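> Mind folding the following:
(chains A, B and C, ligands or ions: 2)
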Amino acid sequence: MAKKTILPFGPQHPVLPEPIQLQLVMEDEIVVEAIPAIGYVHRGLEKLTETKAIAENIFVVERICGICSFMHALCYCQGIESLMNITVPDRSRFLRVIWGELHRLHSHHLWLGLLADAFGFESLFMQCWRNREMVMDIMEMTAGSRVIISTNALGGVRRDIDSDQQKFILNSLNKLQEELDNIKRVFSDDYTVNKRLVDVAVISKEDAHELGAVGPVMRASGLSFDYRTTGYAAYNELDFEPIVEQSGDCYARMMVRLRECYQSIDIIRQAFAKLPEGPIASPVKGFPSGEIATRVEQPRGEVLYYIKANGTNHLDRLRVRTPTFANIPALLKMVKGLTLADIPIAILSIDPCISCTER
Amino acid sequence: MFAMVKNVIKNLFSRPSTRLFPYQTREFFPNVRGSIDNDPEVCIYCGACQMRCPSEAIVVNRAEKVWTINPYKCILCGVCAQICPKKSIAIHSEYVHPQSSKVKKIRQKKVVEEAQSHA
Amino acid sequence: MLDNEKIIELQDLKKETLLLKNQGYRYITMSCVDLGDSFDLIYHFDKAYEIYNMRFSVAKGTIVPSLSDVYFCAMLTENELKDLFGLEFSGLVLDCGGNLLITDEVGAAPMTKQYVVKAKESE
Ligand code: SF4
Ligand code: SF4
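Ligands and ions are numbered 1, 2, ... in the order given. So this is what the prediction gives:
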């Protein structure tokens, strides 16, 4: 038997946008076990939400994660709204879908770029991020800032999208779709890319379910689970199917996200076609009380908010289970048996968002 | 091979995808939240913005009519501008530039001195 | 009270969880609420988009059996609650020793109600 070596991977590593450490137990070049060490960016936001007012918490939860900030706020608002029995106006439900899908688009583009960077394809990385810039422009135009857009409010949304902006968005999306066709060819057919992704870090259907994986990691293993199909916000009036791949390797996870980009564009177009007229926010009076667990599908998977309110302007407890937190056990499983050179790709393939994980 | 030649030719004759920054700057879209400012003459120093600011960036001194914002604490959520009863808070699209010290922005009502107004 | 909630006893935890696992439930997470002198523990499970919650209360200082041998993924949540609330679990398959999220200088159990956050002097 070969000698065992423990190799620390991270917290600083070229492929990692954020700090996480995996202690890899190696036998020669093969990983036999991985022990996670997180906590480098723990900010105590759950504790902070107990001291802020309920409406102010929207801005706190948005800062849990920069990439899916809108969905965090959406999940929080939906939770508080159902505790207080507020019906949200129809127009704002559709606007929420539109901004949510824009966030999914820019998150997936960011990830595709990072993946290209991880297997050393610099120019592909640049192209993905250049395309992402179109989505960021839409965000800046409609919401006033690029990443943390702060458009959610209790009872609706804070900004409207007028018809000029609609035209701009639809034009940009057409352009984006053309560009996506170009990079899709490279991602799906290129010989070198396939060599790096196919059959790497496979996770079976049973394992994905048992380890509680969510989002694209779960769907790439053949499990059809997409929380959007339950029809929160306006998803019940839009037509889409969860995107599922069967093979469970890095290639499948990449394909799920790539195809979800197309799906998001399609959903935004549908939402604009059905966008009703009307007010964008309903009035909110009083404070919530009671408990609720709400879920929303983020780019990385399902997020769960457990909210306990006590009838005052402060919450008793807000607990956030973010998708990356749920995907780490699956990651620990999938790195077993890989060679060291494949570890960066395996880690990236779950789309790790460490700030989310540690809050 | 052919596709590559096509790409090379295309890249030789197309314009760069980036901007030549100092000469060409990007226009902001209207309504971008870049920085917060207050008009000291319109403001009534009611303190509503201080109460509602989620990051506690604004301090209003009612007695001396001084309005102070710490731009490095402000998260540019826009709540203050939304709730201000006099709409004296304006959101500009220029971002706060990096600085070597954290300077607070102070807005104070000009006091019209008695002696001067009599003269 | 949450939807689809079942209140159980501490000693039934393992039994109930095994039952859920055999029915094909997916472990989502667990939440902990500080009630003053006891903790409320809520386990969230999912099956076909339906959430199922299991709840019980434990007095502070009680050792809770770990679920990590049934659902391996419970290991991370349990380590997290151990850090943030000072809960103790027996039979954790991977024990980070209270240092998964926080370092020693934070002090014990920063998420409990009596922990006071000290503000920094600057500003
Ligand atoms: S809310 Fe408006 S009027 Fe009142 S103190 Fe603030 S800036 Fe002045
Ligand atoms: S924009 Fe938001 S954070 Fe900034 S001063 Fe106004 S209320 Fe405070």
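> Kindly report the residues of chain C close to chain A.
By the criterion of Cβ under 8 Å from any Cβ of the partner chain, the positions of chain C lying close to chain A are C:1-3, C:24, C:26-29, C:31-34, C:42, C:44, C:49, C:51, C:53, C:71-73, C:75-77, C:83-84, C:94, C:96, C:99-103, C:110-111, C:115, C:117. For every residue, glycine as well, the C-beta is placed using N, CA and C.
> switch the cut-off to 6 Å
If contact is defined as Cβ under 6 Å from any Cβ of the partner chain, the residues of chain C in contact with chain A are C:2, C:26-29, C:31, C:33, C:49, C:51, C:72-73, C:76, C:100-101, C:111.
> Can you tell me which of those residues is nearest ligand 1?
When the residues of chain C next to chain A are compared for distance to ligand 1 (Cβ to the nearest ligand atom), residue C:111 comes out closest, at 34.4 Å.
> Who's the closest spatial neighbour of that closest one, skipping the chain neighbours?
In space, and not counting its chain neighbours, residue C:111 is closest to residue C:84: 3.9 Å by Cβ to Cβ, 6 or more residues apart in numbering or on different chains.
> Would you mind stating the distance between the one you found and residue A:50?
As defined by Cβ to Cβ, to the nearest Å, residue C:84 lies at a distance of 12 Å from residue A:50.
> More neighbours: which of these two?
The residue with the greater number of neighbours, taking residue C:84 and residue A:50 and applying other Cβ atoms under 10 Å in any protein chain shown, is residue C:84; the counts read 26 against 15.
> Show me the strands in the stretch 101-250 of chain A, by range?
Per DSSP state E, counting those that start in this stretch, the stretch 101-250 of chain A has strands spanning A:152-153, A:156-157. These are given in chain order.
> Adding distance to residue A:125, write those out as JSON lines.
Rendered in JSON lines, the data for the strands of the stretch 101-250 of chain A read as follows (distance: least, Cβ to Cβ, whole Å):
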{"stretch": "strand A:152-153", "distance to residue A:125": "31"}
{"stretch": "strand A:156-157", "distance to residue A:125": "33"}
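> can you tell which of those strands is closest to residue B:46?
strand A:152-153 (22.2 Å; Cβ to Cβ).
> which stretch of helix or strand covers residue C:45?
In this structure, residue C:45 is located in strand C:38-47 according to DSSP states H and E.
> And that strand, how far out from the chain middle?
The offset between the C-alpha centroid of strand C:38-47 and the centroid of the whole chain comes to 7 Å, using Cα atoms, centre = their mean, to the nearest Å.
> now do stretch B:29-39
Mean-position distance between stretch B:29-39 and its chain equals 4 Å (Cα atoms, centre = their mean).
> helix/strand/coil for the residue nearest to residue C:111?
helix (DSSP: H, G, I helix; E, B strand; the rest coil).
> Quick check, it in contact with residue C:112.
No - between residue C:84 and residue C:112 there is no contact, the gap being 8.2 Å when judged by Cβ atoms under 6 Å.
> Mean pLDDT, distance to chain B and mean neighbour count added to the strands of the stretch 101-250 of chain A, as JSON lines?
Below are these laid out as JSON lines (pLDDT from 0 to 100; distance: least, Cβ to the nearest Cβ, whole Å; neighbours: other Cβ atoms under 10 Å in any protein chain shown):
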{"stretch": "strand A:152-153", "mean pLDDT": "84", "distance to chain B": "10", "mean neighbour count": "24"}
{"stretch": "strand A:156-157", "mean pLDDT": "84", "distance to chain B": "13", "mean neighbour count": "24"}
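> right, so of these, which gets closest to residue A:346?
Relative to residue A:346, the nearest member of those by Cβ to Cβ is strand A:152-153, separated by 34.0 Å.
> Where in chain C is the helix or strand with the lowest mean pLDDT?
One helix or strand of chain C scores below all others by mean pLDDT, DSSP states H and E: strand C:5-7, with a mean of 78.
> what does the model give the most centrally placed residue in chain A for pLDDT?
Centre of chain A computed as the mean C-alpha position; nearest residue by Cα atoms, centre = their mean is residue A:299, 2.5 Å away. The per-residue pLDDT reported for residue A:299 equals 87.
> any idea how far residue A:147 is from the residue nearest to it when sequence neighbours are not counted?
Residue nearest to residue A:299 in three dimensions, not counting chain neighbours: residue A:107, with 3.7 Å by Cβ to Cβ, 6+ apart. Taking Cβ to Cβ as the measure, residue A:107 falls 10 Å from residue A:147.
> of those two, who's got more company?
Comparing residue A:107 with residue A:147 by neighbour count (other Cβ under 10 Å), the higher total belongs to residue A:107, at 26 against 16.
> picking up where we left off before, please name the residues that touch the residue nearest to the centre of chain A.
Applying Cβ atoms under 6 Å, 6 or more residues apart in numbering or on different chains to residue A:299 gives the contacts A:68, A:104, A:107.
> Helix, strand, or coil at residue C:71?
State at residue C:71, reduced to three classes by three-state DSSP: coil.
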